[in-house]
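sequence? don't have it. structure:
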């Protein structure tokens with residue numbers, strides 16, 4: 001059984017002409033509804049190409065992220081109703097990712113910039129970037145390294161808390177760890193640690209599972225600035241100390 005594949009040449013004059021119309025269309029959607037494009041230009045280009053393809057194949061700019069079933073009630077025509085009524089107002093971005101609120105786009109751009117800074121170590125963090133990272137529920141190893149460097153420079157304050165057991169702590173712990181609060185005796189040692197509910201706290205364990213559990217407990221107790229080291233000490237490539 002053979003399948004007929006519709007082939008559209010993206011280099012053809014016809015496609016390029018229709019693509020120009022699609023770009024004007026998405027520009028108009030942004031202007032009409034107060035949206036902005038995703039800061040990732042590749043996402044926007046991909047969706048615009050898909051909208052153009054659907055327009056040429058099906059006569060309408062159907063959302064390229066969904067199957068076209070032929071059911072008028074189900075098929076999404078850009079800008080689709082779910083995006084306008086729910087996705088963008090609630091999530092800040094449509095399912096296809098091309099249309100965003102200005103706030104979402106700004107936050108996304110900041111996230112992408114921070115990923116470059118922390119993962120490529122292209123420069124040190126600013127104080128604002130430190131505060132932004134500490135608002136995250138999960139912090140990865142590179143982000144923790146950058147935050148520890150910033151803390152040494154006096155740019156930010158937080159407590160790094162090991163929730164493993166004493167034997168693990170003695171074997172190896174992240175340099176810069178402030179206190180040990182073992183999961184097996186969590187509530188008593190937490191009281192002794194005298195951590196403030198107003199300060200930023202980063203908890204870690206071996207692989208991130210125990211610390212995620214402790215993070216949820218801290219949040220329930222009112223520690224609303226608690227973050228978890230995703231991947232734990234296993235994923236951390238920075239300095240550790242023993243003894």
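Received it, and whenever you're ready, just let me know what you need. Owing to the predicted nature of the structure, the values given are computational and were not obtained by experimental measurement.

Tell me which stretches of this protein form helices.
In the chain, helices defined by DSSP state H lie at 13-33, 41-58, 81-82, 102-120, 127-133, 141-152, 166-171, 186-193, 209-221, listed in chain order.

Now do the fourth one against helix 41-58, angle only.
With axes from the mean of the first three to the mean of the last three Cα atoms, to 10 degrees defining the directions, helix 102-120 sits at 120 degrees from helix 41-58.

for helix 102-120, packing partners?
Helices and strands touching helix 102-120, as assessed by 3 or more Cβ pairs under 8 Å, 6 or more residues apart in numbering; DSSP states H and E, comprise strand 36-37, helix 127-133, helix 141-152. Backbone N, C-alpha and C define where each C-beta goes, glycine included.

Confidence-wise, which of the helices of the chain is weakest overall?
Taking the average pLDDT of each of those, the minimum falls on helix 102-120, with a mean of 78.

domains of this structure?
Under the assignment automatic domain parsing, the domains of the chain span 13-106, 124-241.

can you put the ones you listed in JSON lines and add distance to residue 114 and mean neighbour count?
As requested, the domains of the chain are exported to JSON lines (distance: least, Cβ to Cβ, whole Å; neighbours: other Cβ atoms under 10 Å):
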{"stretch": "domain 13-106", "distance to residue 114": "13", "mean neighbour count": "16"}
{"stretch": "domain 124-241", "distance to residue 114": "6", "mean neighbour count": "17"}
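
nearest to residue 113, of those domains?
Comparing the domains of the chain against residue 113 with Cβ to Cβ, the closest turns out to be domain 124-241 (8.0 Å).
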